[in-house]
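Visitor: could you look at this predicted model? Sequence included:
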Amino acid sequence: MNNKCELIYEGKAKKVFSHEDVDKVIIEFKDDATAFNSLKKARFEGKGKLNCQISAKIFELLINRNIPTHFLELKNENTMIAKKIRVIPLEIVLRNIAYGSLCKQTTFKLGTTLAKPLIDIYLKNDELNDPLITKDRIELLNIVSAKDLDSIIDLTLEINRILQKFFKNIKLQLVDFKLEFGYDLKNNILLGDEISPDNCRLWDLNQKNDTIVSLDKDRFRNDLGGLIEAYSEINRRINDFI
């Protein structure tokens, strides 16, 4: 990284550096993997490169479908240039199929296809373990306006429609995914962060007998092994399709 670029922020999976253009930042994807609020950690060589490449291609797909994102271009294999945004401290989770925490917190059985997409919103706060949050709490905490929250929800539903179709074309089931949004310097809402197997649950549709084969971070969470192989397979399918 250029010495002129100052480290602005370092998260679990990425580093964000300043750019000579104040409207932009440089995002470097790390090889680190974390789960369960960082209680489980490991490093997988090549993971950052794969997530960066996959995210870039999906951001380009979304931009071509008129979804506003922070992505501008790739700088190199594991680094992208993006618009500088003020991150909204909310994690927007959209679920198409019941899995994970939803099955622990409700009577939905694992693998149930939901009658309509479910959006769960979490407060982005590691100290509080990212708790589920209501619209009224968001309003009282003055995180975003009701109008902007509605815009975020509408964008999330549209992103889901686009991604479900896209992933189905490459024989992947989009089970659920997490999004983050932010405001650019003109206060426009943009999709930020990344879209990769780190924050999407993707099941292989090439399996028989309804066998669930995860090609996402569940391979790390659940000690299934083969994380890099799974991410590489997703990247290969995307490259073959686009």
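Guide: Structure received.
Visitor: contacts, neighbours, all on C-alpha from now
Guide: OK.
Visitor: and the helices in this protein?
Guide: Secondary structure of the chain (DSSP state H): helices at 47-64, 101-105, 135-140, 146-169, 218-221, 227-241.
Visitor: among the ones you listed, which comes closest to R86?
Guide: helix 146-169 (13.9 Å; Cα to Cα).
Visitor: domains of the chain?
Guide: Structural domains annotated on the chain: 7-83, 87-226, as defined by automatic domain parsing.
Visitor: return the most buried member of the helices of the chain.
Guide: Most buried of these, by mean neighbour count (mean count of other Cα atoms under 10 Å): helix 47-64, with a mean of 20.
Visitor: what helices and strands are in contact with that helix?
Guide: strand 24-29, strand 71-76, strand 79-83, helix 227-241 (3 or more Cα pairs under 8 Å, 6 or more residues apart in numbering; DSSP states H and E).
Visitor: neighbouring strands - and their directions - for the second one?
Guide: Note on strand 71-76: by DSSP bridges, its sheet partners are strand 79-83 (antiparallel).
Visitor: turn the helices of the chain into JSON lines, including distance to E10 and mean pLDDT.
Guide: Formatted as JSON lines, the helices of the chain follow (distance: least, Cα to Cα, whole Å; pLDDT from 0 to 100):
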{"stretch": "helix 47-64", "distance to E10": "14", "mean pLDDT": "98"}
{"stretch": "helix 101-105", "distance to E10": "27", "mean pLDDT": "94"}
{"stretch": "helix 135-140", "distance to E10": "25", "mean pLDDT": "96"}
{"stretch": "helix 146-169", "distance to E10": "25", "mean pLDDT": "98"}
{"stretch": "helix 218-221", "distance to E10": "21", "mean pLDDT": "96"}
{"stretch": "helix 227-241", "distance to E10": "22", "mean pLDDT": "97"}
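Visitor: wait, which of these is closest to D210?
Guide: Closest among the helices of the chain, using Cα to Cα: helix 146-169, at 15.5 Å.
Visitor: so which other helices or strands are in contact with that closest one?
Guide: Partner elements for helix 146-169 (3+ Cα pairs under 8 Å, 6+ apart): strand 90-97, strand 172-179.
Visitor: residues touching that helix, excluding its own?
Guide: Contact with helix 146-169 is made by 62, 65, 67, 92, 94, 117, 119, 135, 139, 173-174, 179, 181, 189, as judged by Cα atoms under 8 Å, 6 or more residues apart in numbering.
Visitor: identify the farthest-apart pair in those.
Guide: E139 and Q173 (33.8 Å).
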